[in-house]
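Student: my questions are about this predicted structure, shown below with the sequence.
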Amino acid sequence: MNMRIPILKLHDCLLVSIQWELDDQTALQFQEDLLHKIHETSARGVVIDFTSIDFIDSFIAKVLGDVISMSKLMGAKVVITGIQPAVAITLIELGIHLEGVMTALDLEKGLEKLQRELGD
Amino acid sequence: MRKTIYQYVYSHNDEILNEWIELMRKEADERAIQTMSDHMFIKTSAEFVELVMSNFSESVEAFHDRAIEFSEKIVRLGWPLTMMTDGLRVFGQIVEDRMKKEGNIDHNSYVEFAAEINNWMFPMYKTITQAYTTSWERTVSLQKIALQELTAPLIPVFDKISVMPLIGTIDTERAKQIMENLLEGVVNHRAEVVLIDITGVPVVDTMVAHHIIQAAEAVRLVGAKCTIVGIRPEIAQTIVNLGINLEDVTTTSTLKKGVEQALTLTSRKIVEVQE
């Protein structure tokens, strides 16, 4: 079964909370959905929350990196929040540094950061 | 025969003890004796001889328990295992020499005597060695745990600011532990800035630097900022000479400056109170 990740709109931001482990298909679907949504709503910021993810593989990490760069190209700033220690270690070990991406401890702080970045 | 030996040892207890102490002093490792006072040496020796004697009178289990208790003490005192095995050998030797001299054994009964001594000594060797190594292993494992606990503590010094002081050499195993503690700590204490203090790290080579940079990167991923503090002049020199790139990581020379910087990052400052 193909589960879609819900993307919520909050003022001029998009809010994504990933609640279960992603498989390859879902990740690609998510990439497509998010980019469409950014286009549709002309959102200026995106927050992606990873709090419930304890495990990540290299493909998913690459897709996420791509999504972030693509969103930037479309003029939306991305903040990722709630990366678990184990996931952070895996990412670093895989050599995925997600350079230039804003991070925050949790969703609340992530939103604050985004508001500050968007300058209002 | 066993009874004869026992009776002999029992009635000449003090003399054997004195002779044993005399011989052990000569034979034993200097180091082992230096670490304790004469009084302690004699007391422990007496206990050892008593332990050997108790092998006659007590059951196997009781002797085993005693041996374990005694070994634990010996390990704490820092006596080597050879001291105990030598002690047993010397003890047997003394008994044999004295009994020979006093005519308790002659040519005919010697074979029986030797067999009896062997039967008496071997289980004792086994028990004592076993007890000693068990206590030793326990000590080592306890120390290992203690060392692990000291490896990488993360201390929350202010709201949103935590410090991890690192002391001693960093190897791969320890780097892993540091990374885990650091990230868990950041999430648990909800820290926004973490200061890694490397004042106590004697050498920073490429590998150590690599581990520290990785830790800093990982901290950024979980959503906090990482500053490396306590960079001594010689460490700054090594880092540059080795061509390590620390450009992406904030660094300061002292913990004090680091804390000030962290306060600025979290938009706070320390003010003096006006009376």
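Tutor: Perfect, I can see it now.
Student: roughly how far apart are B:Arg232 and B:Arg174?
Tutor: From B:Arg232 across to B:Arg174, the span is 20 Å (CB to CB, to the nearest Å). Placement of C-beta: from N, CA and C, glycine included.
Student: go on, A:Leu64?
Tutor: Noted for A:Leu64: a distance of 30 Å to B:Arg174, by CB to CB.
Student: equivalent analysis for B:Phe122, please.
Tutor: From B:Phe122 across to B:Arg174, the span is 44 Å (CB to CB).
Student: which one of the two has more residues nearby?
Tutor: B:Arg174 (18 against 11; other CB atoms under 10 Å in any protein chain shown).
Student: which residues touch the residue in chain B that chain A sits nearest to?
Tutor: At 3.3 Å from chain A, B:Leu183 is the closest residue in chain B, using CB to the nearest CB. B:Leu183 makes contact with A:85, A:88-89, B:218-219, B:222, according to CB atoms under 8 Å, 6 or more residues apart in numbering or on different chains.
Student: quick one: whatever residue of chain A ends up closest to chain B from A:Thr26, how far?
Tutor: Taking CB to the nearest CB as the measure, chain A has A:Pro85 as its residue closest to chain B, at 3.3 Å. With distances taken as CB to CB, A:Pro85 is found 24 Å from A:Thr26.
Student: neighbour count winner among those two?
Tutor: Neighbours per residue, other CB under 10 Å: of A:Pro85 and A:Thr26, the larger number sits with A:Pro85, 22 against 19.
Student: the more buried one contacts B:Val187, correct?
Tutor: Yes. Using CB atoms under 8 Å, A:Pro85 is in contact with B:Val187, at 6.1 Å.
Student: where does A:Val63 fall, secondary structure wise?
Tutor: Assessed by DSSP states H and E, A:Val63 sits inside helix A:58-73.
Student: hmm, who's touching that helix?
Tutor: Outside of helix A:58-73, the residues within contact range by CB under 8 Å, 6+ apart are A:22, A:24, A:27-28, A:30-31, A:34-35, A:38, A:46, A:48, A:77-78, A:80, A:90-91, A:94, A:96, A:98, A:101.
Student: among those residues, which lie within strands?
Tutor: Using DSSP state E to define strands, the subset of the contacts of helix A:58-73 located there is A:46, A:48, A:77-78, A:80.
Student: contacts with chain B among the residues you listed, please.
Tutor: With the criterion set as CB under 8 Å from any CB of the partner chain, the members of the ones in strands among the contacts of helix A:58-73 near chain B are A:Ile80.
Student: quick check: residues of chain A near chain B?
Tutor: So far as CB under 8 Å from any CB goes, chain A lies against chain B at A:80-85, A:87-89, A:91-92, A:97-98, A:103-106, A:109-110.
Student: buried subset of those residues?
Tutor: A:80-85, A:87-89, A:91-92, A:97-98, A:103-105, A:109-110 (16 or more other CB atoms under 10 Å in any protein chain shown).
Student: quick one: which of the residues you listed sit in helices?
Tutor: Applying DSSP state H to these, the entries found in helices are A:85, A:87-89, A:91-92, A:109-110.
Student: output the residues you listed as a markdown table; include the columns pLDDT.
Tutor: Shown next, in a markdown table, are these (pLDDT from 0 to 100):
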| residue | pLDDT |
| --- | --- |
| A:Pro85 | 90 |
| A:Val87 | 90 |
| A:Ala88 | 90 |
| A:Ile89 | 89 |
| A:Leu91 | 87 |
| A:Ile92 | 87 |
| A:Lys109 | 89 |
| A:Gly110 | 91 |
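Student: who's the residue nearest the centre of chain A bridged to?
Tutor: Geometric centre of chain A, nearest residue: A:Ile48, 3.4 Å, by CA atoms, centre = their mean. For A:Ile48, the residues forming beta bridges with it (DSSP bridges) are A:Val16, A:Ile80.
Student: close to chain A: what parts of chain B are there?
Tutor: Residues of chain B lying near chain A (CB under 8 Å from any CB): B:179-180, B:183-184, B:186-187, B:190, B:192, B:214, B:217-224.
Student: so how do I select the buried members of those residues in ChimeraX?
Tutor: Burial among the residues of chain B next to chain A is assessed by 16+ other CB under 10 Å; the matching ChimeraX selection reads:
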select /B:179,180,183,186,187,192,214,217,218,219,220,221,222,223,224
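Student: okay, and which of the residues of chain B next to chain A map to helices?
Tutor: If you go by DSSP H, these have B:179-180, B:183-184, B:186-187, B:214, B:217-222 in helices.
Student: circling back to that earlier point, got the buried residues for the helix holding A:Val63?
Tutor: Neighbour-count burial for helix A:58-73 [16+ other CB under 10 Å]: A:60-61, A:63-65, A:67-68, A:71.
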